[in-house]
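In: Have a look at this prediction, sequence included:
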Amino acid sequence: MHWVGDRALLRSFPGELERANRAAHACGDELAALEAPEVEDVVPGARSILVVLRPGAEPSDALRDLLGRDRRDAAAARGRLHEIPVRYGGADGPDLADVASLHGLTEAQAIEAHARAAYVVGFIGFSPGFPYLLGLDPALATPRLDTPRVRVAAGSVAIGGGYTGVYPGPTPGGWRLIGRTDVELFDPLRDPPALLAPGDRVRFLPR
């Protein structure tokens, strides 16, 4: 645990990615339950959690104790389950054929491998509501495009390295597009605006 600037504490968790992410989620849940008055915001990451303090506040002993706990055996997150229908391939997934070919798969095999996995939202980043999903079959892990697209359509389901995710809105992007959904992941007028939260579970349903 160390300071980031003069108002934030960063707690990182060791080990392989999914175990470290479980520890970060467990820490976030405990922070929510603690309701420490000195805490202004909590930002979970893939392997860490950032705790932002209110101006002028100091971390209490209870907060320091909570952040210092060993969570190497933290249980898997049991957030809400979201089933997201996806149209794979074609105009909705222009990179599916390349992803399949790169890994020696047919398009049907790549779709099956992507859809059978049980995903967990590791963290939200890049753009509002964009979920970095853990659980991608390693056989589908694919590098990002050398040259990002100027515009990616909202709802595009994509692979970037060892993650899969869904673009909440139109934006530039370099992930490999394999499908698209009509589910709205981010709506600023909704409460909360983001459909998915860290620790939520996701299943993709081919259409």
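Out: That came through fine.

In: Quick one: the strands in the protein, in order.
Out: 2-4, 8-12, 39-44, 48-53, 81-88, 119-124, 131-134, 149-152, 156-160, 163-166, 171-173, 176-180, 201-206 (DSSP state E).

In: hmm, which helix or strand of the protein has the shakiest average pLDDT?
Out: helix 17-34 (a mean of 90; mean pLDDT, DSSP states H and E).

In: Give me the angle between that helix and strand 39-44.
Out: 160 degrees (axes from the mean of the first three to the mean of the last three CA atoms, to 10 degrees).

In: helices or strands up against helix 17-34?
Out: Packing partners of helix 17-34 (3 or more CB pairs under 8 Å, 6 or more residues apart in numbering; DSSP states H and E): strand 39-44, strand 48-53, helix 61-68, strand 119-124, strand 131-134. Backbone N, C-alpha and C define where each C-beta goes, glycine included.

In: On the strand side of things, show who the residue nearest the centre of the chain bridges to.
Out: Residue closest to the average C-alpha location in the chain (CA atoms, centre = their mean): Tyr132, at 2.4 Å. Beta bridges link Tyr132 to Phe123, judged by DSSP bridges.

In: Need the pLDDT of it.
Out: With respect to pLDDT, Tyr132 has a value of 97.

In: Check Ala76 too.
Out: 69.

In: Could you double-check that the residue nearest to the centre of the chain sits in contact with Ile124?
Out: Yes: here Tyr132 reaches Ile124: they are 7.4 Å apart, a contact under CB atoms under 8 Å.

In: Please list all residues in contact with the residue located most distally from the centre of the chain.
Out: Distance to the chain centre peaks in the chain at Gly56, reaching 31.6 Å (criterion: CA atoms, centre = their mean). By CB atoms under 8 Å, 6 or more residues apart in numbering, the contact list for Gly56 is empty.

In: With Ser48 instead?
Out: Listed by CB under 8 Å, 6+ apart, the contact partners of Ser48 are Leu10, Arg11, Ser12, Phe13, Ala20, Ala24.

In: Those: which two are farthest apart?
Out: Pairwise distances across these peak at 13.3 Å for Leu10 and Ala20 (criterion: CB to CB).

In: more neighbours, these two?
Out: In this view Leu10 and Ala20 are compared by other CB atoms under 10 Å, and Ala20 has more residues nearby, 21 against 16.

In: Does the more buried one touch Arg11 like I think?
Out: No: if you go by CB under 8 Å, Ala20 and Arg11 don't touch, sitting 10.9 Å apart.

In: just to revisit the earlier point, any common contacting residues for Tyr132 and Ile124?
Out: By CB under 8 Å, 6+ apart, no residue touches both Tyr132 and Ile124.

In: possible to save the strands of the chain as CSV with distance to Pro94?
Out: Below are the strands of the chain laid out as CSV (distance: least, CB to CB, whole Å):
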stretch, distance to Pro94
strand 2-4, 39
strand 8-12, 37
strand 39-44, 32
strand 48-53, 34
strand 81-88, 11
strand 119-124, 22
strand 131-134, 20
strand 149-152, 9
strand 156-160, 9
strand 163-166, 16
strand 171-173, 12
strand 176-180, 6
strand 201-206, 17
